[in-house]
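> need coordinates for the below:
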Amino acid sequence: MVVSVAGRRVVAGAVLVLAAACSLDTDPLPTGLDVGAVLSEMTGALPLQAVLQLTDGTAAFHPASIDLSGCNYVAASQAFICSPIATTLDGLTSVHFTTTRSISFADLAGHVLASADAATVASVHVITTTTGTSEQPGISTKTFSRVEDLTLSGRTDGTHVIDGIAVATSKVEAAISLLNFTTADTTRFVNLTLATGTSVVPIAGTVTDDQTRIVTATNVASLTHVGLTFDGSTLMGMVRTKDGTSSSCKINLAAVALQTC
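You can find the predicted model right below:
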């Protein structure tokens, strides 16, 4: 499946790549659970977007739609493995990337479920891998990969919690060699708590992002750390440290697109 969207940038997710030799069972995804809505909740929260605005954007690419028709249960992995989705984003920058997901479900006791309904599933574990290229013709080409491993728990008690980690790498090759660089980026989500299944503003938890960028020509590294904290209000605390120099501020999540920090 190929999706083309002009100029759309959203939060990225993660992919698990399996050997072609794996045999697929015929069990479909749980029919009583809106898995698409769960995935949107896990990847669409404002904190994720805020982190992406501060990093190199590797995670800012995500399929325009979530196609779950190609997901089948693999007994050996105890997960539903979804067919890869190839996406092209058209605009001033041409982006081509492929996303694959592994989705598993567990009940309150932590038992992995081969099938379930909305009342049974207490947690959802999603591993998404994204690989691709971003090109500005005549200016630069970036190759990137990202693996995101997130778990959403608390589905049965109304308070959803996201925990997990994402690891990304990218390489930029520019027409001007001094602009060539590589990045390694790690994002951690700890106890990111949403009040309801439809909320995108956490009431608790932290998100941290650590990035190392190395200029190819000079081999000089730049280190950036970003920390986000949430306390139940609409104000998100942010601390940013770049090469030893720190700054902090509060961002109103009700108008995050209108602010800089």
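> now the stretch 1-150 of the chain, which segments are flagged as low pLDDT?
1-31, 44-67, 116 (pLDDT under 70).
> rerun at 90
Scanning the stretch 1-150 of the chain with the threshold set as pLDDT under 90 gives 1-75, 85, 87-95, 113-120, 134, 136-138.
> all helices for this structure, in order.
For the chain, helices defined by DSSP state H occupy the ranges 35-43, 46-54.
> and the first one, what's buried?
Going back to what we said before, that points to helix 35-43. If you call a residue buried by 16 or more other CB atoms under 10 Å, then helix 35-43 has these buried ones: 35, 38-43. For glycine as for every other residue, the C-beta is placed from the backbone atoms N, C-alpha and C.
> ok, the residues you listed vs M238, which is closest?
If you rank the buried residues of helix 35-43 by distance to M238 using CB to CB, T43 comes first, at 20.2 Å.
> my guess is L178 meets V220, correct?
No. Contact criterion CB atoms under 8 Å: L178 and V220 do not qualify, at 11.1 Å.
> the strands in the stretch 151-261 of the chain, which residues?
160-174, 181-194, 202-215, 220-230, 235-242, 245-252 (DSSP state E, counting those that start in this stretch).
> looking at those, which is nearest to C71?
Here strand 160-174 is closest among those (CB to CB), at 19.5 Å.
> still on that earlier bit, reformat the buried residues of helix 35-43 as TSV; add distance to F189.
Output for the buried residues of helix 35-43, formatted as TSV (distance: CB to CB, whole Å):
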residue	distance to F189
V35	20
V38	15
L39	15
S40	16
E41	13
M42	9
T43	11
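> between these, which is nearest T88?
Closest to T88, out of all of these and judged by CB to CB, is T43, at 19.4 Å.
> tell me how far the closest one lies from T193.
17 Å (CB to CB, to the nearest Å).
> separation between the residue nearest to D117 when sequence neighbours are not counted and A119?
Of all residues not flanking D117 in the chain, G32 sits nearest, at 3.3 Å (CB to CB, 6 or more residues apart in numbering). Noted for G32: a distance of 7 Å to A119, by CB to CB.
> over to S102?
Applying CB to CB to S102 and A119 gives a distance of 23 Å.
> more neighbours, these two?
More crowded of S102 and A119, by other CB atoms under 10 Å: S102, with 23 against 11.
> surely that one is in contact with V126?
Yes. Taking contacts as CB under 8 Å, S102 lies within contact range of V126: 7.2 Å.
> returning to what we had before: for the buried residues of helix 35-43, which one is nearest F80?
V35 (8.5 Å).
> need the CA coordinates for stretch 175-194. PDB is fine.
Only the C-alpha atoms of stretch 175-194 are listed here, as PDB (Å, rounded to 0.1, in the frame of the first residue of the first chain):
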ATOM      1  CA  ALA A 175      25.800  19.800  -1.700                       C
ATOM      2  CA  ILE A 176      28.000  21.800   0.600                       C
ATOM      3  CA  SER A 177      30.200  19.200   2.400                       C
ATOM      4  CA  LEU A 178      30.500  21.300   5.600                       C
ATOM      5  CA  LEU A 179      26.800  20.700   6.100                       C
ATOM      6  CA  ASN A 180      27.100  16.900   6.200                       C
ATOM      7  CA  PHE A 181      26.300  15.400   9.600                       C
ATOM      8  CA  THR A 182      25.000  12.300  11.400                       C
ATOM      9  CA  THR A 183      22.700  12.100  14.400                       C
ATOM     10  CA  ALA A 184      21.900   9.500  17.000                       C
ATOM     11  CA  ASP A 185      18.800  10.200  19.000                       C
ATOM     12  CA  THR A 186      17.200   8.400  22.000                       C
ATOM     13  CA  THR A 187      13.700   9.400  23.400                       C
ATOM     14  CA  ARG A 188      12.300   8.000  26.600                       C
ATOM     15  CA  PHE A 189       8.700   8.100  27.800                       C
ATOM     16  CA  VAL A 190       8.200   7.500  31.500                       C
ATOM     17  CA  ASN A 191       4.800   7.200  33.200                       C
ATOM     18  CA  LEU A 192       3.200   9.500  30.600                       C
ATOM     19  CA  THR A 193      -0.300   9.500  32.000                       C
ATOM     20  CA  LEU A 194      -3.400  10.600  30.100                       C
END
